[in-house]
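Asks: Structure here, sequence nowhere to be found:
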């Protein structure tokens, strides 16, 4: 079946630094990738949708300049948290879709970000 | 407002004690309802997709059903390894999608 690899699984960074999270589709081409944020004991909140070769579409309330998303190829999307602050600490999860009209159902394993 | 509500928030069962989880939704123009399993510190694992009222799908001890307003995830004779958070997600309209808050299931031996 479809596999999505997310890296790193855990990262600790200092306030003010930037962190990049990678999401790769290993055995299929992902035309659309999605980035979520999840707080403890809460559900997934969609942050943005990225389509290969075009700009990401951000959900209301998500800062584009803070959460930079790049989907430069059909197998790789990256999320960069810029100038991280402790309130950015969270669990970030990506998912990838094989079809333009098929909402992604294959999720990565998630990245636990802690900003100190 | 479009809503996806899961109940109960948490459920504790004895091994072998069957039960059901509920996902109710108020979106119009449903395109699909998804069930996922999520273990702590992991990404969601896909279980089922249901597209129309009356549809049912099964996988091992799990069975998902769908009506026009809600979906049930039935767990038959659960085992401790079924302990996880079960999430439902609803897709509607122009591929809008929303997740419920999940049900944390604990199965005790």
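Replies: Looks like it arrived, so ask away. A quick note: this is a predicted structure, and the numbers were derived from the prediction, not measured.
Asks: All the helices of chain B, in order from the start?
Replies: Under the criterion DSSP state H, chain B carries no helices.
Asks: Check what pLDDT the closest residue to chain A within it gets.
Replies: Of all residues in chain B, residue B:43 sits closest to chain A, at 3.7 Å by C-beta to the nearest C-beta. Every residue, glycine included, has its C-beta placed from N, CA and C. Looking at residue B:43, its pLDDT is 92.
Asks: OK, contacts around it?
Replies: A:4, A:6, A:93, A:95, A:107-110 (C-beta atoms under 8 Å, 6 or more residues apart in numbering or on different chains).
Asks: The worst-scoring helix or strand of chain B on mean pLDDT packs against which elements?
Replies: None of the helices or strands of chain B scores lower by mean pLDDT, DSSP states H and E than strand B:96-99, at a mean of 82. In terms of contacts (3 or more C-beta pairs under 8 Å, 6 or more residues apart in numbering or on different chains; DSSP states H and E), strand B:96-99 is packed against strand A:44-51, strand B:84-92.
Asks: at 10 Å what do you get?
Replies: strand A:32-38, strand A:44-51, strand B:4-7, strand B:30-38, strand B:84-92 (3 or more C-beta pairs under 10 Å, 6 or more residues apart in numbering or on different chains; DSSP states H and E).
Asks: Can you tell me which of the contacts of residue B:43 has the most neighbours?
Replies: residue A:108 (28 neighbours; other C-beta atoms under 10 Å in any protein chain shown).
Asks: which element is the closest residue to it other than its chain neighbours on?
Replies: For residue A:108, ignoring the flanking residues on the chain, the nearest one in space by C-beta to C-beta, 6 or more residues apart in numbering or on different chains is residue A:6 at 2.9 Å. Element membership of residue A:6, judged by DSSP states H and E, is strand A:4-7.
Asks: starting at the chain centroid, how far to that strand?
Replies: 10 Å (C-alpha atoms, centre = their mean, to the nearest Å).
Asks: Fine by me, thanks again.
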